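Q: have a look at this prediction, sequence included:
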Protein chains: 2
Amino acid sequence: MTTRVPPTVVWSDENGGAVRMIDQTLLPGEMVMLDCTELEEVALAIERLSVRGAPAIGCAAALGMALVAQRSEATNLATLLADLRDARERLAATRPTAVNLFWALGEIDDAIEAAITLQPDGDVWLAGPSLTAEPADLKAAVLRRANEIVADDLQRCISMGQHALKLIPEGASILTHCNAGALATAGYGTALGVIRAAHEAGRGVHVWVDETRPLLQGARLTAWELVTEGIPCTLICDSMAGYVMRQGKVDCVVVGSDRIIANGDVANKIGTYTVAAMAAHHDIPFYVAAPVSTIDYELHSGDDIPIEERDRSEVAYLAHRAPEPVCPEDVAIYSPAFDVTPAELVTAIVTEKGVARPPYGRSLAAMRDE
Amino acid sequence: MTTRVPPTVVWSDENGGAVRMIDQTLLPGEMVMLDCTELEEVALAIERLSVRGAPAIGCAAALGMALVAQRSEATNLATLLADLRDARERLAATRPTAVNLFWALGEIDDAIEAAITLQPDGDVWLAGPSLTAEPADLKAAVLRRANEIVADDLQRCISMGQHALKLIPEGASILTHCNAGALATAGYGTALGVIRAAHEAGRGVHVWVDETRPLLQGARLTAWELVTEGIPCTLICDSMAGYVMRQGKVDCVVVGSDRIIANGDVANKIGTYTVAAMAAHHDIPFYVAAPVSTIDYELHSGDDIPIEERDRSEVAYLAHRAPEPVCPEDVAIYSPAFDVTPAELVTAIVTEKGVARPPYGRSLAAMRDE
């Protein structure tokens, strides 16, 4: 399980403690590690997309809390808790829609709660004279939990890769869309984790990388990961995927997901639905890789998922790479960030618990209850 | 049949005669007319894509020959013919793969041949003492034929639009891919001619414009034409078209073609096949508009069409708009310029002679023989 891509976001003991992350805004031109030694640096890194991808953002937020704990000069528990409360507020304001961010902050809350003696009202943020823990104990508890969150995320990706091995034939050409890679997680990746595992198992795979307009996560991030790992790959424009399939050059598709409905409907980066429908048209298996935490057991249909619409500038200015708009300034632009692939187009869903097959209502429920 | 887009390429009597064209390299930022008063300017305009689109290139070449004839200082027929021979050679070297270029030059050859008295060996380029025509007659003949070529091209587009009216329902939302517009022809356009005709007939149409990676002809040219004409339109990335169809927002698709096989297989800009397959998946009619001259009665299958592969820089540098590559410098890139849509996905083919329906083997042959 070696990888040439450094950990996406990780704790560093150097220089009195830092949150170390790949600055993804500089990829693929430069691979620069960013050591954040102050909370504001972590918050800005999330806001400026130096770290992106829901699981990776959650890891960065947890490590940000650990950073504040480690560097706090508080000599008593009340001051330390006040520092952590301020940090939590700042981090929660960075990316208000990223679910994993709030999940990770909640996990740190629980760790704090467990580390200190609670007051009768159970409010961990109101430290009073009845608290018995030492500041050092709390600091250690927060760092421990943050590191666990990062390690668990990585382990889930590795498990997905192992479960998916049976799906990937020898010498397979695998098409992927967007970046569900090491860079979107603590490391290894979900969809790219499946591809990494097949590569490490000596399957001799080749990857077709959709560039993924409008923000080009495929061209910028997935292609970089694969080139860095030495996994053979070819970059194409999104509109070329169907033609490549028609030529018989794609054996299966693997993508990640932002939300999976209990019935198997899959929300993912815009364009995924078209890839899935074209795969079905050519009898090519279409696989989704995502942790169980991605499954939404509340909604009953993908049609209920609200689809974020993005700013026109991402289309007009080519992901902000073009100095001038490439279209008339006053033309209407529609830019949905995600689409929904109906369950009937999904051949299997890979999670850290195994491979779910249709009917998904039953197989995904079993994963929850396991 | 009014249009707010100026003629793409046309003869101008100003300043002693000029080939006047829209400089498409400056669109959509600036609408600048280019008056070419020397042959080399016409040749460079074709090479630098100031004028592009197979029919438009043919018109530019014919007008380039007229320009040389009009401006020649030759006082005898032999010198004038020598000037025309040099011009033909230069123009033929501009875009060696554009079929219409050679067709147009051949039409001018025929006009020259008809205008002069042939020598016994029938070689029009070897003017000898037996030639009886005056230079002025030949100059007039070349200009007349060039203007006819331009006018005929425009008229064919207008006819296509009229024939297609029965296909476009009231209030239709029409999706198109690439630019098969006024800018690709003498004016009016093939696929966009169909859309213009429906708009002029008061059908209240709306157009979904695929941006058309890698070279963005949809974002740059089609969106500009539609905004200029005041035809309601919305620009999307190519990967969004399938999702828009799934939402029930597309009533039909209309595209142009670079080559249509006698069996109905259609070669067109890369991405067209995916649009056609997604349209079929959603029971949306898929129409192709192109003149009969686009039909290749020699080949028997679209699989026999050689598909040009384009340079990696168009993908890596976002159609040369990005200062830095958006992908790793050393990643493999595959960039086919065209794809082939099999006849079974094509609902109808519109030409200047009418609407062909399956089976195309019969309906397209009838158009040839008409």
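A: Looks like it arrived, so ask away.

Q: what's the following helix or strand after the strand or helix carrying A:Val150?
A: Following DSSP states H and E, one finds A:Val150 within helix A:135-164. Moving toward the C-terminus from helix A:135-164, the next helix or strand (DSSP H and E) is strand A:173-176.

Q: next, the buried residues of the following helix or strand past that following strand.
A: Remark: after strand A:173-176, the chain's next helix or strand is helix A:191-200, criterion DSSP H and E. For helix A:191-200, a neighbour-count test (16 or more other CB atoms under 10 Å in any protein chain shown) marks A:Ala191, A:Leu192, A:Gly193, A:Val194, A:Ile195, A:Arg196, A:Ala197, A:Ala198, A:His199 as buried. C-betas here are computed from N, CA, C, even on glycine.

Q: which residues in chain A form helices?
A: A:39-47, A:54-71, A:77-92, A:99-115, A:135-164, A:191-200, A:217, A:223-229, A:241-246, A:272-281, A:313-316, A:360-369 (DSSP state H).

Q: tell me the angle the longest one makes with helix A:54-71.
A: In this case it means helix A:135-164. 160 degrees (axes from the mean of the first three to the mean of the last three CA atoms, to 10 degrees).

Q: same for helix A:135-164, what does it pack against?
A: strand A:9-12, helix A:54-71, helix A:77-92, helix A:99-115, helix A:191-200, strand A:286-289, strand A:348-351, strand A:354-356 (3 or more CB pairs under 8 Å, 6 or more residues apart in numbering or on different chains; DSSP states H and E).

Q: so how far is A:Leu77 from A:Ala114?
A: 14 Å (CB to CB, to the nearest Å).

Q: which of those two has more residues huddled nearby?
A: More neighbours surround A:Leu77 than the other of A:Ala114 and A:Leu77, with 21 against 12 (other CB atoms under 10 Å in any protein chain shown).

Q: that older thread, any idea of the mean pLDDT in the helix holding A:Val150?
A: For helix A:135-164, mean pLDDT is 96.

Q: repeat for stretch A:326-345
A: 95.

Q: that one near chain B at all?
A: Yes: using CB under 8 Å from any CB of the partner chain, stretch A:326-345 comes into contact with chain B via A:Val326, A:Cys327, A:Pro328, A:Asp330, A:Val331, A:Ala332, A:Ile333, A:Tyr334, A:Ser335, A:Pro336, A:Asp339.

Q: in that stretch, which residues are buried?
A: So stretch A:326-345, judged by 16+ other CB under 10 Å, has buried residues A:326-328, A:331-336, A:338-343, A:345.

Q: what residues go with each domain of chain A?
A: A:9-157, A:161-367 (automatic domain parsing).

Q: now, of those, which is deepest in the fold?
A: Among these, ranked by average contacts under mean count of other CB atoms under 10 Å in any protein chain shown, first place goes to domain A:161-367 (a mean of 22).

Q: next one: it to chain centre, how far?
A: 12 Å (CA atoms, centre = their mean, to the nearest Å).

Q: near chain B, which residues of the stretch 151-300 of chain A?
A: A:209-214, A:216, A:219-220, A:223-224, A:226-227, A:232-244, A:246, A:270-271, A:273-274, A:277-278, A:281.

Q: and with 6 Å instead?
A: By CB under 6 Å from any CB of the partner chain, the residues of the stretch 151-300 of chain A that approach chain B are A:213-214, A:216, A:219-220, A:223-224, A:227, A:234-240, A:242-243, A:270-271, A:273-274, A:277, A:281.

Q: I appreciate the help and will end here.
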